[in-house]
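J.: task: produce atomic coordinates for the following.
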Amino acid sequence: MKNVVLLGSTGSIGTSTLKVVEDLPDRLRLIGLAAGGNAALLGEQARRHRPQAVSLADPAAAAGLSKELPGTEVHSGPEGLLRLATLKEADVVLIAIVGTAGLAPALAAIRAGKDIAVASKEILVMAGEIVMSEARRHGVQVLAVDSEHSAIFQCLQDKPGASVRRLILTASGGPFRQTPREVFDGITVEQALKHPSWVMGRKITIDSATLFNKGLEMIEARWLFDIEMARVDVIVHPQSIVHSMVEFVDGSILAQLSTPDMCLPIQIALCHPERRPSARVQTDFARVGSLTFENPDHERFPSLGLARRAGEVGGTLPAVLNAANEVAVERFCRRELSFPGIAATVARVMDTHAVVGDPTLDQILEADRWARAAAAA
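T.: Below is the predicted model:
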């Protein structure tokens, strides 16, 4: 039995994680649940799973929830996330918090000797070197929850980095894969939120439309698998059946395939190193029919080039890329920016940033704050 703490229980990854736990009651037990502002859904989840502790972002909402959950510890704010991430009984902490709020609890969990499962790209994009160094120092695992990184993890299976020619991340191409560039200025928020393959939260869905999601995944892969950016590539695969591939130095390529369902990579991360039965994912290749691949269009989707640049330069630049993109996406959703304005804003902020090499955590957080202010201007 593994004791699981889930930070971000009411989002799309969180609710999928609950399904996995309910599928495997003899293997997984939830002992901690944290949410942002959805107190009602967190209360329902807590009554169903009876965790040891829960946390909400807002102290007033947490106080109200405490009355509904006798016998359950109820925490709040950033301190609440840290309390849950370091619960003595926890074996693995799954971090599914959107944005940068997951970084501090991720480091706290690692330093408390807990394995972490990462669904929040920002953790490794902002501070991959620090996070992975701390994980090695404390002898814990950083497990991938993104379907792409889970696929690479399954294909690598501890093979040495020297045996790898390329990591190949697949991208669906999003809803605008075949949309002419000249109409990008007219793309609406509603159009950008219609992803062809996945059902996800708002931020990650917009990121998938701009391909910033794939750019962030490139940087994440660089740290997760200790491989330089030059050996991380992206290919567009509209069917979203091949989740990613590893090409080895002898030319052999291994791929992980399945119909799109986030329950599968979540289960693989939480149950590692075991494979447990599940009937959720059923892949019918005859019904799929064909699998196609194409190179991404870097002119229509400059996010990939910006991400590669940030990953190659390193230092504080990936944190700046990430923070500027978060703000730009929010401004697009408020209809303050055009769709191409997201990438243009990120490029502007990156161009004006004075990069700090080999930064401390405080310097990374300062770069994040600076980039948010610059992107909002």
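J.: mind listing the strands for the stretch 101-250 of the chain?
T.: With DSSP state E, counting those that start in this stretch as the criterion, the stretch 101-250 of the chain has strands at 115-118, 142-144, 164-171, 232-236, 242-248.
J.: now the longest one: buried residues?
T.: So that's strand 164-171. 164, 166-171 (16 or more other Cβ atoms under 10 Å). All C-beta spots, glycine's among them, are computed from the backbone N, C-alpha and C.
J.: dump the residues you listed into CSV; add distance to G311 as well.
T.: Formatted as CSV, these follow (distance: Cβ to Cβ, whole Å):
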residue, distance to G311
V164, 16
R166, 15
L167, 12
I168, 16
L169, 12
T170, 18
A171, 16
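J.: contact partners for L69?
T.: Going by Cβ atoms under 8 Å, 6 or more residues apart in numbering, L69 touches 43, 46-47, 54.
J.: for PyMOL, write the selection for the buried entries among the residues you listed.
T.: Applying 16+ other Cβ under 10 Å to the contacts of L69 leaves a buried subset, and the PyMOL line that selects it is:
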select buried, resi 43+46+54
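J.: quick check: which of the strands of the stretch 101-250 of the chain is nearest to T10?
T.: strand 115-118 (17.1 Å; Cβ to Cβ).
J.: what packs against that closest one?
T.: Helices and strands touching strand 115-118, by 3 or more Cβ pairs under 8 Å, 6 or more residues apart in numbering; DSSP states H and E, are strand 92-95, helix 103-111, strand 142-144, helix 263-271.
J.: which among those is found nearest to L365?
T.: Going by Cβ to Cβ, the one of the helices and strands packed on strand 115-118 nearest L365 is helix 103-111, 8.2 Å.
J.: C-alpha coordinates for the closest one, PDB please?
T.: Presented in PDB, the C-alpha positions along helix 103-111 are these (Å, rounded to 0.1, in the frame of the first residue of the first chain):
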ATOM      1  CA  LEU A 103       7.700  24.500  -6.400                       C
ATOM      2  CA  ALA A 104       8.000  25.100  -2.600                       C
ATOM      3  CA  PRO A 105       6.000  22.000  -1.600                       C
ATOM      4  CA  ALA A 106       7.900  19.900  -4.200                       C
ATOM      5  CA  LEU A 107      11.200  20.800  -2.600                       C
ATOM      6  CA  ALA A 108       9.800  20.300   0.900                       C
ATOM      7  CA  ALA A 109       8.600  16.800   0.000                       C
ATOM      8  CA  ILE A 110      11.900  15.900  -1.500                       C
ATOM      9  CA  ARG A 111      13.800  17.100   1.600                       C
END
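J.: got a list of contacts for that helix?
T.: Taking Cβ under 8 Å, 6+ apart as the rule, helix 103-111 contacts 5, 7, 78, 81-82, 84-86, 90, 93, 95, 97, 116, 118, 120, 122-123, 126-127, 130-131, 134-135, 138, 140, 142, 361.
J.: same question, stretch 307-317
T.: For stretch 307-317, the surrounding residues in contact (Cβ under 8 Å, 6+ apart) are 129, 212, 214-216, 218-219, 222, 229-230, 232, 318, 320-321, 350, 353, 355-359, 363-364, 367.
J.: likewise stretch 32-47?
T.: By Cβ under 8 Å, 6+ apart, stretch 32-47 touches 4-10, 14, 18, 49, 51-58, 61-62, 64-65, 68-69, 72, 80-81, 84, 87, 90, 93, 97.
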